[in-house]
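# any chance you could fold what I've pasted below:
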Amino acid sequence: MTPPSPSLTPSHGVQLPQEVIDLIIDDIASKKERYILRTCALVSTAFYIRCRTHLFTEIEFIADSSIQRRAGRLCKIFKRNPSLVSELRAFKLVIRGAANQVEGMISEVQESQVGRVILFAILFVLGFDAVKVSLAKTVHFFKLLRTISHAPLRTFSVIGELGHEFDWSLFNEKTEAHLLAIRSNPSLETLELANLSNLPGSVITGTPGPHNLRRLIFRNCTFEDGLRDVRRVRSEFTAWKGAMPSSLNQITTLEMTETSYYNFLTSLQSTFLGATATQPSSLLRFVDLTKLVVGLHRIVNQILSVWNLLTSVAHSLESLELKDSGFSDTHYTNLQPMCISRLVTLRHLKLSTYPACDPLSVRSAKNFLALTANILDTASSATKLESLTINLTLRSKNSIKEPNIFGIDLVAWSAIDDVLNSPNFPELQKVVINLFFKADDEWWVVNSDTDDASAQFFPKISISHWIKPEVKLHLLPAGK
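All right, here's what the predicted structure looks like:
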């Protein structure tokens, strides 16, 4: 963005002090509406200077077929205005369908020598390892990543396009080295990785050195077995040889949506300790963890790793969300390892079906509610739990009538009501039930009273003067 020309700057009338202009722009920026900031930047030079600072606080960079042109433009902006680098706090790299595009192009031109040359050139500038050629000129994308690595970043995100999971191993070593440098930035507080496969342990932990990482967020990610990372670990990670990385010790928030915590641990183990190390569940400790989002899967090893994690953070965890990914249908009965009474600092508990867009059958919904009641029933003494949230996606039918309200027999809810009415939840103040329906399930809009539903779901705690259960109905967008 270029500054407005002097001719556009008002030459008469009241001139606001720069301090007042800064306050106005700062207030606009707090609304997170960037298009308004871009408009304000055209008012005058005084407005432009402050708007530019906010516009470059967060950058979302799209990696697609125009990656070099886009990176070149951004590099020119930073070269003309070096101070903007110091304003950057969040950098998001969005890989737009790159993996699928590459596979498709290979299959289409594999018989054409000319096409292969063109394909190789495109793959190289995208930073993929499929090309074994070199160019004398450094590509713009590498220059941009190198510049970003020196910014005082607080948040770094790498996001594969939804529906096009990106394979991290397609990056060549040079691209990985630049991304690793950004991850290892000592000012970084949040690392977000989504829709990615074969994530290496080194990118998760960063290189040895000072770290300030507090939030680690995964969505739909898988991890490599560590063997590909061993060579890099031997050369750059000697400070962590034979030990788990210390860069994750200060984590306060860990979110693993549609991502296996067990596979996360085993990947780090094979990377830093070797395949013959002890059980991974005992290798990593999050001593300051206060918020955890984790899935409950069908495989026993994955469940045990979650139980061990909960045990290890029992004296720090304040917020816990458990996402049921088919676990409730296994009828696994040993829930005692995650006894709520042992989570002495837990204040907020959320239990959700996952994926949220997939409606459950009546049987699976009953199993989920039974699991919820059993988890709550592990409380053997008074807890400090203040809020309980249940997120449930249902498959409804127009023919549903009472007492099968919302498709589930009220008996399935009564077990939860009985447990919550016990003396083990003296500080419970809020119970929220979020029920999600498909867009074509319009019958409940006119046929359901949420106040009446809350009283039917929880007749015992509903009469309590300090707890008023809430039942909220949500309509999922069509196609979700």
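# just read off the phi/psi values of Arg214.
phi -120, psi -30 (degrees, to the nearest 10).
# hang on, it packs against Gln250?
Yes - the pair Arg214 / Gln250 is scored as a contact, 6.2 Å apart, by Cβ atoms under 8 Å. Where you see a C-beta, it was placed from the backbone N, CA and C, and this is true even at glycine.
# can I assume Gln250 sits in a strand?
No - assessed with DSSP: H, G, I helix; E, B strand; the rest coil, Gln250 is coil; it does not lie in a strand.
# now do the contacts for Ile159.
For Ile159, the contact set (Cβ atoms under 8 Å, 6 or more residues apart in numbering) comprises Lys92, Leu93, Val94, Ile95, Glu192, Leu193, Ala194, Asn195.
# any idea how far Ser380 is from the fourth one?
When you say that, I think you mean Ile95. Counting by Cβ to Cβ, to the nearest Å, the separation of Ile95 from Ser380 is 48 Å.
# do the same with the second one
Going from Leu93 to Ser380 by Cβ to Cβ gives 47 Å.
# cool, and the fifth one?
Computed with Cβ to Cβ, the distance linking Glu192 and Ser380 is 37 Å.
# of these two, who's got more company?
Per other Cβ atoms under 10 Å, whichever of Glu192 and Ser380 has more neighbours is Glu192, with 17 against 12.
# my guess is that one is in a helix, correct?
No - applying three-state DSSP, one finds Glu192 to be strand, outside a helix.
# looks like it contacts Thr155 (just checking).
Yes - under the criterion of Cβ under 8 Å, Glu192 makes contact with Thr155 at 7.0 Å.
# what's the overlap in contacts for the two?
With Cβ under 8 Å, 6+ apart as the test, Glu192 and Thr155 both reach Lys92.
# quickly find the element holding Lys174.
helix 173-183 (DSSP states H and E).
# from the contact counts, what lies against that helix?
For helix 173-183, the packing partners by 3 or more Cβ pairs under 8 Å, 6 or more residues apart in numbering; DSSP states H and E come out as helix 140-148, strand 155-160, helix 201-205.
# so which bits of that helix are buried?
Using 16 or more other Cβ atoms under 10 Å as the test for burial, helix 173-183 gives Thr175, Glu176, Ala177, His178, Leu179, Leu180, Ala181, Ile182, Arg183.
# in CSV: those residues, plus distance to Leu376 and pLDDT.
Formatted as CSV, these follow (distance: Cβ to Cβ, whole Å; pLDDT from 0 to 100):
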residue, distance to Leu376, pLDDT
Thr175, 47, 88
Glu176, 45, 87
Ala177, 48, 88
His178, 47, 92
Leu179, 42, 93
Leu180, 43, 92
Ala181, 46, 92
Ile182, 42, 95
Arg183, 39, 93
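# now those residues as CSV including distance to Val313?
Shown next, in CSV, are the buried residues of helix 173-183 (distance: Cβ to Cβ, whole Å):
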residue, distance to Val313
Thr175, 35
Glu176, 31
Ala177, 33
His178, 33
Leu179, 29
Leu180, 28
Ala181, 30
Ile182, 28
Arg183, 24
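# out of these, which is nearest to Thr257?
Nearest to Thr257 out of those is Arg183 (Cβ to Cβ; 19.9 Å).
# from what I see, the closest one and Leu191 are in contact.
Yes - judged on Cβ under 8 Å, Arg183 makes contact with Leu191 at a distance of 6.5 Å.
# joint contacts of those two?
Common neighbours of Arg183 and Leu191 (criterion: Cβ under 8 Å, 6+ apart): Phe156, Ile204.
# with respect to Phe78, which of the helices and strands packed on helix 173-183 lies nearest?
Set against Phe78 and scored by Cβ to Cβ, the helices and strands packed on helix 173-183 come closest in helix 140-148, at 5.5 Å.
# now do the closest one against helix 173-183, angle only.
20 degrees (axes from the mean of the first three to the mean of the last three Cα atoms, to 10 degrees).
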